[in-house]
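Trainee: here's a sequence, model it:
(chains A and B)
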Amino acid sequence: MSTLADRTLCELAPLVAGGKASCREVVQAFLDRSAEVDARVGAFVSLRREEALREADEADRARARGEARSPWHGLPLAVKDILVSPDFDTSCGSRILRGFRAPYESSVLRHVRDAGLVVVGTTNMDEFAMGSSCENSALRQTANPWDLTRVPGGSSGGSAAAVAAREAPVALGSDTGGSIRQPAALCGVVGLKPTYGRVSRYGLVAFASSLDQVGPFARTVEDAATLLGVIAGHDPRDSTSVGQEVPDYVAALAGLPDGLRVGIPREFLAEEGADPEVLERVHAAIRVLEARGAKTVEVSLPHSPYGIATYYLICMAEASSNLSRYDGVKYGFRSEAPTLDEMYRSSRSEGFGPEVKRRILLGTFVLSAGYYDAYYRKAQQVRTLIRHDFESAFESCDVLATPTSPGPAWPLGERVDDPLKMYLSDIFTVTVNLAGLPGLSVPCGFTGAGLPVGLQLIGRPLDEATLLAVGQAYQRETDWHTAVPEL
Amino acid sequence: MRISAETVLELADLARLRLDPEEVERMRRDLDAILGYVEKLSELDTTQVPPTAHVLDISTPLRLDRVAGVLPVKEVVRNAPQHDESSMIVPKVIE
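Mentor: Numbers count the residues shown, from 1 in each chain, chains lettered A, B, ... in the order given. Model prediction:
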């Protein structure tokens, strides 16, 4: 039976505007769905049941007065536990931040609130966004809605699972090396990492500041385009946010751009690089685009085999600096000790989980005297080569098509003892962050075992509009995104 | 072996982390494997390559350096594990 919780944001907006459903009914439908499935899925770390319903009632009253703040006023969304707000706690999946309530609102959530969207709850994630499976969360375990014995991907696994399980029509996540696109692929939903600087990072808890970017999860490209339009834009509070005008992303969905050239990176579609079933689905997706008039060209990204090494060196260095602020003094967890130095050590040792400690130690190593040039500076030089690879590729094509993840969701627990193996699952996503480019993951089929596969589309800087147009054209031809996991 | 137990302990000291003996060995093993993997970057000659400072070829927008939106001290210190109306409280640092 189809309920309001099966609808997308763009389907709900006219229902509510036309009086066919109230905001309260819509928010209630998603909360009911959560009550039914989240004990098994584990997408949320906290739900704002009463507050969300109250905000929905306020939206209904505002709409009745003809004062809708946007077409989405009163409609629900879920938010990764990494964007701060004075209205709810932000723990970043960590014991060290448990119970933290920021005194200010992140710019992204300010935009979301200005549009009148209702935050139904915060979603689970790997601690400080460090992980590819959600298993590094100190708060709870999240399962993949398509197979509850498997990981949802990470780090924004809770947001991906919430949208896949229809606990929210859309959600926000953050992506440092694939943390939106990879869980979107593994959970069979759409995920977009915008260009570095397209969305403000003010109030996003920092992991690796030169790579982090906030973006949307949705079931359709149209909803993702809608949410991107809400959150994108320059912010005087984030000097790395870009000043360029925000285009109308939904208007850009009109169709596949004329003469579109899709670049197929040789290195990303090599036989040994990915699961054969994944490659087969991605090739099939590319054929769908060809049938709609796209021209494919083979391109080369020769330095992509160095992407993982470069990415992890840079993100660990940045993380070790960023996470020095957690010391038991200003906020979060403190372990009492007789001296200040002992208090720092005890608070950090008891507050951080093993993966966070591992990255802080490695980051400290690669930034230390005598190793800086060999590791950190070297990685920033290879990053330049990786950026040049993309610039060259975009001379002969408009978007690149690759798998999002080399394989489908793996069994919970399988990779927790092998950090390097976990890191390698990000092989197709990290170079996009290193180059600051936009990347979109769109569901493109299922493996024989019924696990979702994602197609990754990579665009030129600030060209989210083309990515979204291609994604939308693909979804118009296929129905993978309408499949519902049995829960 | 690229990383010794002593190095792990030195790094932990710099990062203000305390590791128990099993953690030291586990971290030593993991750091060693990860540094072994990233070693592949040395295959590339980067002598003429400038390191990336910013990913996009754009200039940072400037703004006037004006004081704005200051948070009340009371609200800022509220999150400290130990605080009074205007200060965060820590163990005594000067005898």
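Trainee: which residues does A:Arg261 bridge with?
Mentor: Counting by DSSP bridges, A:Arg261 forms beta bridges with A:Lys295.
Trainee: quick one: contacts for it?
Mentor: Residues in contact with A:Arg261, defined by Cβ atoms under 8 Å, 6 or more residues apart in numbering or on different chains, are A:294-297, A:396-399. Quick note: C-beta positions are derived from backbone N, CA and C, even for glycine.
Trainee: next one: A:Ala232
Mentor: Residues near A:Ala232 by Cβ under 8 Å, 6+ apart: A:194, A:198-199, A:246, A:249, A:464.
Trainee: look up how far A:Val442 lies from it.
Mentor: From A:Ala232 over to A:Val442 the distance is 19 Å, taken as Cβ to Cβ, to the nearest Å.
Trainee: same check on A:Arg181?
Mentor: 10 Å.
Trainee: same deal with A:Ala102?
Mentor: Remark: distance between A:Ala102 and A:Val442 (Cβ to Cβ) = 33 Å.
Trainee: also A:Tyr372?
Mentor: Distance of A:Tyr372 to A:Val442, given as Cβ to Cβ: 40 Å.
Trainee: settle it for me: which of these two has more neighbours?
Mentor: The neighbour count for A:Tyr372 versus A:Val442, taken as other Cβ atoms under 10 Å in any protein chain shown, is higher for A:Val442 (31 against 14).
Trainee: the more buried one: which element?
Mentor: For A:Val442, the element it lies in under DSSP states H and E is strand A:439-446.
Trainee: adjacent strands (with direction) for that strand?
Mentor: Its sheet considered, strand A:439-446 pairs with strand A:190-193 (antiparallel), strand A:452-459 (antiparallel) by DSSP bridges.
Trainee: most neighbours per residue, which of those?
Mentor: Among these, ranked by average contacts under mean count of other Cβ atoms under 10 Å in any protein chain shown, first place goes to strand A:190-193 (a mean of 33).
Trainee: need phi/psi at the spatially closest residue to A:Gly121 that is not a sequence neighbour.
Mentor: Using Cβ to Cβ, 6 or more residues apart in numbering or on different chains and skipping residues adjacent in sequence, the residue nearest A:Gly121 is A:Leu47, 4.0 Å away. Taking degrees, to the nearest 10, you get phi -110, psi 140 for the backbone angles of A:Leu47.
Trainee: and stretch A:450-462, how far from the chain's centre?
Mentor: 12 Å (Cα atoms, centre = their mean, to the nearest Å).
Trainee: what does stretch A:58-70 give?
Mentor: Between the centre of stretch A:58-70 and the centre of its chain there are 30 Å (Cα atoms, centre = their mean).
Trainee: dump the residue contacts of A:Thr364.
Mentor: The neighbours of A:Thr364, taking Cβ under 8 Å, 6+ apart as the test, are A:320, B:11, B:14-15.
Trainee: ok, A:Leu77 next?
Mentor: The neighbourhood of A:Leu77, defined by Cβ under 8 Å, 6+ apart, consists of A:112, A:117-120, A:168-172, A:227.
Trainee: now swap in A:Ala309 and tell me
Mentor: By Cβ under 8 Å, 6+ apart, the contact list for A:Ala309 reads A:379, A:382, B:37-38, B:40-41.
Trainee: tell me the residue of chain B that sits nearest chain A?
Mentor: B:Val55 (3.0 Å; Cβ to the nearest Cβ).
Trainee: relative to A:Tyr196, how far out is that residue?
Mentor: Per Cβ to Cβ, B:Val55 is found 5 Å from A:Tyr196.
Trainee: of the two, which one has the most company?
Mentor: Per other Cβ under 10 Å, whichever of B:Val55 and A:Tyr196 has more neighbours is A:Tyr196, with 26 against 21.
Trainee: which residues touch that one?
Mentor: A:210-211, A:213, A:240, A:433, A:436-437, B:55-56.
Trainee: surely it is in a strand?
Mentor: No: looking at A:Tyr196 with DSSP: H, G, I helix; E, B strand; the rest coil, it is coil, so not inside a strand.
Trainee: spatially nearest residue to it, not counting backbone neighbours?
Mentor: Nearest in space to A:Tyr196, with sequence neighbours left out and distances taken as Cβ to Cβ, 6+ apart, is A:Gly436 at 3.5 Å.
Trainee: in the chain, where's the longest helix?
Mentor: Went with chain A since none was named. The residue-count maximum for a helix in chain A (DSSP state H) belongs to helix A:23-41.
Trainee: try again with chain B
Mentor: Longest helix in chain B, counting by DSSP H: helix B:21-38.
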